[in-house]
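A.B. asks: with the sequence up front, the predicted model follows.
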Amino acid sequence: MKKFLALFLAAAMTVCMLGGCGGSQETKETGEETGAQTNATEADAKEGARNEQAAADLDMSKTVKIGILVSDATTAEALAFRNYYTEYIQKQYNVELIYSDELTDAAGETSAIDTFITNNCKAIISFSSFDRAAQIEQCEGASVYYAVATGTLTEEEYETYKGYEYYVGAIGPSLDVEYETGYQMAKHYLDQGMTNFAIYGGAIPYYTEMHIYRAAGMLTAMVEAGGEGANYKGAADRDAIIQQIFTDGEIVPGAIGTINVLGYVGGYDMDDAWFGKCTQMAQTPDLQAILAVGNGSDFFGTAIEGTDVKIASVDAYASSYGEAMTGGMLDYLAGKFSASIGPIFIATYRAVLGSPVRTEDGSALALSQGYWIAESADDFNTYYAVDSSVETPAYTKEMLDTLLTADYGAFKEFVEAYSFEEIQGMK
Amino acid sequence: MKKNQLKKYIMNLTPLFGLVVLFAAFLILGKIQDINISYGLKSIINQSVVVAVVATGAIFIYTLGSFDISLGASVAVSALIGGMVYNKTENILIMTAVCIGVAVLIGLFNSVLASVFNLPVFVTTIAMLSVLNALILVLIKVNGTGSEIAVPAAAVKGLNNTPFKVVVLLLFFLVSMFIFSFTKIGRMQKFQGGNPVCAKLSGIKEKKMAIIAFAMSGIGVGIGAFLSIIYAPTLTKNTASSVGMDVIIAIVFGGMPVSGGARSKIYAAVIGAFSMTLLSQIMVMFNLNSGIGQMVKAAIFILVVYLATSDQRGKMLPR
C-alpha cells in the first residue's frame, strides 16, 4: 500500500512537471484582421488603417506574462472583471494572465509580486490596495511595469510615483466620481419626494476612502434637500461632511433638516448578530429607501420583500443583480462595467511592448472612469447584455486596438467617454 | 530486523525527501519554464521564513500533544504593538524587544490561564484567539489611521534582505534545536507529550512544561512579528491572518506527529514551511487557478503526511 502511494505521489508530481511543460509557449492570433469596419466612413477607414500599421510596428509575437493581484476573488464585481480578462482579453492578445490568490494583507501582496517576478511576469495589474506604495516600489526595483485597475492613487501618492519609469498609472473611479455616484443615488430618491433613508456604509468602519466619499455624496444631497439650515452633525458642505465621516468612522443616524437618516449599518462582519442588525434596519418603520455604498440587495433584499422599501447599490453588472431588480430587491444600481479594465490592460501591454502612454509631461496615467447607472430592470438588462458578452463586450478588441497607438489625448478621451451610450456610439 | 529499521528510517525521512523532490521539481520546471530561479529562491525564503520561525517555536507546544490556534493573531498583535512602539521611539531594537516581549506575555498568559482554570491549553488558546482578534481592531482604530499601522518602509528597508532573514531563522532554529534535543527540558517535554501519566509519576511538572513551551513559542512568535514588519511594514487587521493555519500545516507537513511525544522533530517546522512555499511556487508555474491549486496541494499534503506517519499508527512508542 505504501509502495503504491509512494509511486502515486511520484507519478502525481511527474504529471505536474509535464503539465507545466506545455501550453504557455503557444503564440496566439494577434488579430491582424483588426481594422477597417465594413460600415466605417472612408476617413475612419484610413485612420483605422494607420492605427493598424502602427500597431503592426509593435512586436506582439512573444507571449507576455502579466500578473494580476486580486484581494477579492468571489464577489460579482471580481468575477466579472476576471471573466473579461480571461475569457476575452487573454484570447484576443498574445498574453498570459496569471492571477494571485485572494490577498488579505500587504505581506500577501509582496509575496504575490515576488512570485510573479519569479515567473517572469513583465507587468503587474493590481486590484489590491493594502499597500500601493510598497507595490509600486517593489515593481520599480524589479523593473516590472505596474498598473492600478479600477482605482486611483491619492494625490500625494501620485505626486510621489508619477515619474517612476515602471509605474504605468491608474484608471478607475476617482474620489470625485465616487462622491458624485453617492450624490446622484440619493438625489434620485430625493427627487421622488422620499425623506426617510437608511445607509449601508460598507467599509466605512475601515476608513476606505471610496465608501466614505460615496456616503458623503449621499449626505450632501440630503443636506441640499433638507431645507434651510440643514446639516449633518453640523457639517453642511462636501468637505466638512467627508471630514466628519473620517472622524467618526461611521454615519450617525438623525435628522438632516426635513430628511431623516433612520438607520445605519457598516462593516462586513457577516455573523448572525450583524445580519440581525441589517434585518432590523431594513424593517425600520417608515423607511423608504436603503442607500448602500456597496452591495445592498444581498444584505437587505430578503428583509424588504413585500414592502415598498427601495434598495440602491454600487457594485457591478452581474446576473444576481438582474434577478434582484426583477424581484424588487434592488431598485437602482451604479455598476462598474467589466470591460472598464480594458484600457489599463492596453496601457500596461503597451509599456511592456516598449510604447508606454504617458501624459504630456511624461507622467504616469491618472484617468477617471465612472459607473453605468441602471434605474430599472430594463436598463439593467440592456447594460448586462453588453457587459456579460465575451463575443462583443463593451470594449471590443477593435476598439482597444485603437489605443495601442493612441497618444495621451486620444487615450484620455477614450477612457473618459465611459457612459453606455458613448461606448456604444464608438462601435 | 535491519530491513525494518532501514524502512523505518526512510519513512521517517519522507518529509525531507518531499522537500528535496519539490526543490528539484522547482529547479527543473523553472529551467523549462525559463523562470527567474535566483529571484525565486529569494522569494521562497522571504515567504517561508515567518512561518518557519513561528512554527519552530510552536513545536514545543505540539510536542506536549497540544496546539495553539491563536499563533497568527499573536503575531499580528505583537507586530502592531511593535509598530506602534517604533513610531514612538524610532528604535528598531526596542521594537524588536517589544515584539518578543508581547508575544511571550501572550503565550505565558495562555499557559497560566490554563493552569489556573485547569483547562486543556488549546481551550484557552481558542478563547485567546477571539480576544486577540478584538485587540487587533482596537489597536488599529486607536493608534493607527483607522485601517492600518504603518512603520516607515525606509526604516526597515535595510533589514529586508535574504541573508539577514536566514541568519535570524538559523539562530533561532539552532537555539531551539539545542533546547529540544540536547537538554533535559526537551526530553521531559517529549516524555510529557508521549505519556502524561508516566511523566507526572516521574515527577515532571505538567504546568512548568506548558509554561516553558509557551515561552519558547512566544519567542518564535515575537521574532515572526519582527520579520513580518520588515517584510510588509503596513500592518492591517489581516496581518499574519494566514500564519496560524500555515503553522499548523507546516508542522504536520514536516512530519511532526500531532500527538506530540517522543517522535516530535524540531526540524519539521522548517521542512514543512519551505515545502509549502515550494509547492505554491510550482502551482503558480502551471498557472493553476487558486481553487485547483489548493486541491492539488491538499492532495499532496495528505499523501506526504500519510507516508510520513505510516510507521506511527497503532504501534508502541519508539525505543
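C.D. replies: Looks like it arrived, so ask away.
A.B. asks: quick check: residues of the stretch 151-300 of chain B near chain A?
C.D. replies: Applying CB under 8 Å from any CB of the partner chain, we find that the stretch 151-300 of chain B lies next to chain A at B:153, B:228, B:231-242, B:280-282, B:284-287, B:289-290, B:293, B:296, B:299-300. Where you see a C-beta, it was placed from the backbone N, CA and C, and this is true even at glycine.
A.B. asks: and with 7 Å instead?
C.D. replies: Counting by CB under 7 Å from any CB of the partner chain, the stretch 151-300 of chain B comes close to chain A at B:153, B:228, B:231-232, B:234, B:236, B:238-239, B:241-242, B:281-282, B:284-287, B:289-290, B:300.
A.B. asks: show me where the stretch 151-300 of chain B has helices.
C.D. replies: Secondary structure of the stretch 151-300 of chain B (DSSP state H, counting those that start in this stretch): helices at B:153-157, B:162-182, B:184-194, B:196-201, B:206-231, B:243-253, B:268-285, B:290-308.
A.B. asks: could I get those helices as a markdown table with mean pLDDT and mean neighbour count?
C.D. replies: Shown next, in a markdown table, are the helices of the stretch 151-300 of chain B (pLDDT from 0 to 100; neighbours: other CB atoms under 10 Å in any protein chain shown):
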| stretch | mean pLDDT | mean neighbour count |
| --- | --- | --- |
| helix B:153-157 | 90 | 15 |
| helix B:162-182 | 96 | 15 |
| helix B:184-194 | 91 | 20 |
| helix B:196-201 | 89 | 13 |
| helix B:206-231 | 94 | 26 |
| helix B:243-253 | 89 | 24 |
| helix B:268-285 | 90 | 25 |
| helix B:290-308 | 75 | 17 |
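A.B. asks: in which helix or strand does residue A:351 reside?
C.D. replies: Using DSSP states H and E, residue A:351 falls within helix A:342-352.
A.B. asks: show residues contacting that helix.
C.D. replies: By CB atoms under 7 Å, 6 or more residues apart in numbering or on different chains, the surrounding residues in contact with helix A:342-352 are A:64, A:66, A:89, A:93, A:95, A:122-123, A:125, A:145, A:147, A:149, A:168-169, A:171, A:356-357, A:365, A:395, A:400, A:403-404, A:414-415.
A.B. asks: and these, which of them are in strands?
C.D. replies: Counting by DSSP state E, the contacts of helix A:342-352 place A:64, A:66, A:95, A:123, A:125, A:145, A:147, A:149, A:168, A:169, A:171, A:365 in strands.
A.B. asks: residue A:163 contacts residue A:363, correct?
C.D. replies: Yes - in this structure, residue A:163 is within contact of residue A:363 by CB atoms under 7 Å, at 6.3 Å.
A.B. asks: now do the SS call for the residue nearest the centre of chain B.
C.D. replies: In chain B, the centroid-proximal residue (CA atoms, centre = their mean) is residue B:55; its distance is 1.6 Å. Classification of residue B:55 using DSSP: H, G, I helix; E, B strand; the rest coil returns helix.
A.B. asks: dump the residue contacts of it.
C.D. replies: Going by CB under 7 Å, 6+ apart, residue B:55 touches B:247, B:250, B:251, B:269, B:272, B:273.
A.B. asks: if I look at it, how far off is chain A?
C.D. replies: 16 Å (CB to the nearest CB, to the nearest Å).
A.B. asks: let me know the pLDDT of that residue.
C.D. replies: pLDDT, residue B:55: 96.
A.B. asks: please apply the same query to residue A:209.
C.D. replies: Per the predicted model, pLDDT is 88 at residue A:209.
A.B. asks: go ahead and confirm it touches residue A:175.
C.D. replies: Yes - the pair formed by residue A:209 and residue A:175 meets the contact definition of CB under 7 Å, at 6.1 Å.
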